[in-house]
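Visitor: Have a look at this fold, sequence not included:
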């Protein structure tokens, strides 16, 4: 597979990068995956970025050189991968792509793979060596909706981010907050007031940390986890922009839980949020189609609206897929094989015109809503619809 470089991809380009990397033939080689985040407050210039890359590559070298289960051939391949990455990053243009906030690099020298993907948002520094490209951070960036779960107890706070598919942990804070005691009298009252003051400071610190991270890397929706008696207090301390993204709360053991358990407990809230959004969008679609004309229903109408750049929100039933056609000259989409009405060119067949419609909508900065819970309701209208801008 030839080397390639994407310059500041929007979300649709990340989707394409994920699809490309999922299909890459590694020829049995392990893939070195490297992620660099360009937080301006931490890496303002090329020197800091190169030092971070060198540190991650050295970490990979030490980790797998010390693994007795790694063969000599694999160690040689890793050294070739590291050298190939160093050569790519020696070019200042690779470390400073226009407007990028990070890089993801995937390298397997024996397979001829050295793919550099510019990222529109910072990521946590990471290095991995696995049988396939490590693409989970790309999946999170490419996801149409990102979630955050803030877990807070009286002495600990943890931040998890991810998608409806999985969560990963991003931060852990432990504060020395004294616990309540059972002594009576005035001393107990003063002690408990002190404990509550320390708890308030802890909650304020957790919410401040979350907002700082949000400013560096935004998410769409927020969940609160931890003891139920703290949920209202945490919500009060949230920045208004975060409070407006709050989608629910759940009880959980903050200090001993895992990312998998957080995801499991969050899923009912995520699904309820999705169902509410779907219900609202379908009602707006029906209303717009029936009265104002600001709704399109069925494949032909939706593709025409996309071609005219009138789509504000695209609704697609989960799993809906049909073949179609696209003009090779102007990329106009159609459900049939008639010549393009704009330039007369003969259309090219596409195995999945719905995926093409989704990519076109994202390129036009339209919202895309995959209808998972109420797909039967959309199926009666052809499994695809659109809320129109005009």
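Guide: Received, thanks. Worth saying up front: this structure is predicted, and the values here are computed from it rather than measured.
Visitor: C-alpha only now, for contacts and for neighbours.
Guide: Noted.
Visitor: pLDDT of stretch 23-32, averaged?
Guide: Here stretch 23-32 scores 84 as its mean pLDDT.
Visitor: which outside residues touch it?
Guide: With contact meaning CA atoms under 8 Å, 6 or more residues apart in numbering, stretch 23-32 is reached by 1, 74, 78, 81, 105-108, 110-111, 113, 127-133.
Visitor: List the buried residues of it.
Guide: 26, 29-32 (16 or more other CA atoms under 10 Å).
Visitor: again with stretch 214-227
Guide: Of the residues in stretch 214-227, 219, 221-227 count as buried by neighbour count, 16+ other CA under 10 Å.
Visitor: And stretch 109-121, by the same measure?
Guide: Using 16+ other CA under 10 Å as the test for burial, stretch 109-121 gives 109-111, 113-121.
Visitor: domain ranges for this structure?
Guide: 4-142, 147-257, 273-388 (automatic domain parsing).
Visitor: closest one to residue 264 among these?
Guide: Of all the domains of the chain, domain 147-257 sits nearest to residue 264, with 9.0 Å by CA to CA.
Visitor: Contact partners for residue 131?
Guide: 26, 28-31.
Visitor: Equivalent analysis for residue 376, please.
Guide: residue 317.
Visitor: measure stretch 354-371 end to end?
Guide: Length of stretch 354-371, first residue to last, CA to CA, to the nearest Å: 13 Å.
Visitor: hmm, who's touching it?
Guide: Contact partners of stretch 354-371, identified using CA under 8 Å, 6+ apart, comprise 10-12, 144, 278, 303, 306, 309, 311-318, 320-323, 333, 378.
Visitor: one more time with 6 Å
Guide: Contact with stretch 354-371 is made by 312-318, 321, as judged by CA atoms under 6 Å, 6 or more residues apart in numbering.
Visitor: model confidence over it, on average?
Guide: 86.
Visitor: buried stuff in it?
Guide: In stretch 354-371, residues buried by neighbour count (16+ other CA under 10 Å) are 354-362, 365-371.
Visitor: Could you identify the most distant pair in the buried residues of stretch 109-121?
Guide: Greatest spatial distance among those (CA to CA): 110 and 121, at 30.3 Å.
Visitor: The residue minimising distance to the centre of the chain: what secondary structure?
Guide: Closest to where the C-alpha atoms of the chain average out (CA atoms, centre = their mean) is residue 140, at 2.2 Å. Three-state call for residue 140 (DSSP: H, G, I helix; E, B strand; the rest coil): helix.
Visitor: Could you report the pLDDT at it?
Guide: So residue 140 comes in at 72 (pLDDT).
Visitor: swap in residue 9?
Guide: With respect to pLDDT, residue 9 has a value of 37.
Visitor: tell me which element residue 33 falls in.
Guide: strand 31-37 (DSSP states H and E).
Visitor: That strand pairs with which strands?
Guide: Applying DSSP bridges to the sheet, strand 31-37 is found paired with strand 102-108 (antiparallel), strand 126-130 (antiparallel).
Visitor: can you put those in CSV and add mean pLDDT?
Guide: Below are the strands paired with strand 31-37 laid out as CSV (pLDDT from 0 to 100):
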stretch, mean pLDDT
strand 102-108, 90
strand 126-130, 87
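Visitor: Can you tell me which of those is nearest to residue 382?
Guide: Of all the strands paired with strand 31-37, it is strand 102-108 that lies closest to residue 382, at 38.6 Å by CA to CA.
Visitor: what about residue 64, how many residues close to it?
Guide: By other CA atoms under 10 Å, 16 other residues sit near residue 64.
Visitor: so how many other residues sit close to residue 58?
Guide: By the criterion of other CA under 10 Å, residue 58 has 12 neighbours.
Visitor: Quick check: it is in a helix.
Guide: Yes. Counting by three-state DSSP, residue 58 is found in a helix.
Visitor: residues of stretch 262-269 that come out buried?
Guide: By neighbour count on 16+ other CA under 10 Å, the buried set for stretch 262-269 is 262-263, 265-266, 269.
Visitor: should've said stretch 267-276
Guide: Quick answer for stretch 267-276 (16+ other CA under 10 Å): 269-270, 274-275.
Visitor: could you say which helix or strand contains residue 273?
Guide: For residue 273, the element it lies in under DSSP H and E is helix 259-287.
Visitor: Next secondary structure after the helix or strand of the chain with the lowest mean pLDDT?
Guide: Least confident helix or strand of the chain, by mean pLDDT, DSSP states H and E, is strand 4-6 with a mean of 34. The helix or strand immediately downstream of strand 4-6 is helix 11-22, counting by DSSP H and E.
Visitor: Go ahead and name everything in contact with that next one.
Guide: With CA under 6 Å, 6+ apart, helix 11-22 has contacts from residue 142.
Visitor: Inside strands: which ones of the buried residues of stretch 214-227?
Guide: Judged by DSSP state E, these include 221-225 as members of strands.
Visitor: Name the nearest of these relative to residue 235.
Guide: For those, the nearest to residue 235 is residue 224 (8.2 Å; CA to CA).
Visitor: right, and that closest one touches residue 246 too?
Guide: No. Using CA atoms under 6 Å, residue 224 makes no contact with residue 246, being 7.8 Å away.
Visitor: List the contacts of residue 219.
Guide: By CA under 6 Å, 6+ apart, the residues touching residue 219 are 146-147.
Visitor: quick one: it and residue 21, what's the gap?
Guide: Distance, residue 219 to residue 21, by CA to CA: 24 Å.
Visitor: Right, I'll call it a day here.
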